[in-house]
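*Asks:* below are the sequence and a predicted model; questions follow.
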Amino acid sequence: MPAARPFAISCRKQSSKSSAGKTLPGSEPIEPEELAKTCAQLAADKKAEGIVVLDLREISTFTDFFVICSGTSEPHLKAIAGEIETRLREDHGVRPAAIDGFPTSQWIVLDYLQVIVHVFHQEKRDFYSLKICGATLPA
């Protein structure tokens, strides 16, 4: 029996944009949809909560996907963001174009160009009312 997915993603037509983030020399580019799924799974591996992947390809010109998740403490936020950054760099040769925020700000953003990952402290996410629902990924 397959494991239940801890996140949801809404999929639409394939984007014609280039691969996300900065790919290290000798690495194969990863498609934005696969990058978003990988970010969500890495966040789940670090026990992130409320993981949602939003497909913005039809409505955004600056990115294809948002990955939004929450942590329960400042060290938890750091662990989630660190895991995503480290695993993508080591496993896929992808580095973020930018990283903004700090655990003390309760909001960390990892910008992989076509995928932007938002890691919130649960209280900060509640403050901004980011209660977003997603659709399930077709098999």
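*Replies:* Received it, and whenever you're ready, just let me know what you need.

*Asks:* ok, now how distant is residue 120 from residue 45?
*Replies:* To residue 45, residue 120 is 18 Å away according to C-beta to C-beta, to the nearest Å. Glycine gets a C-beta too; all of them are placed from N, C-alpha and C.

*Asks:* got it, and residue 73?
*Replies:* From residue 73 across to residue 45, the span is 17 Å (C-beta to C-beta).

*Asks:* buried ones in the top helix by length along the chain?
*Replies:* In the chain, ranked by residue count with DSSP state H as the criterion, the top helix is helix 74-92. Under the neighbour-count criterion of 16 or more other C-beta atoms under 10 Å, helix 74-92 has 76-85, 87-89, 92 buried.

*Asks:* list the contacts of that helix.
*Replies:* Residues from elsewhere that reach helix 74-92 (C-beta atoms under 8 Å, 6 or more residues apart in numbering): 21, 23-24, 27-28, 30, 35, 38-39, 42-43, 45-48, 69, 71, 94-96, 99, 103-104, 106, 108, 110, 112, 117, 119-121.
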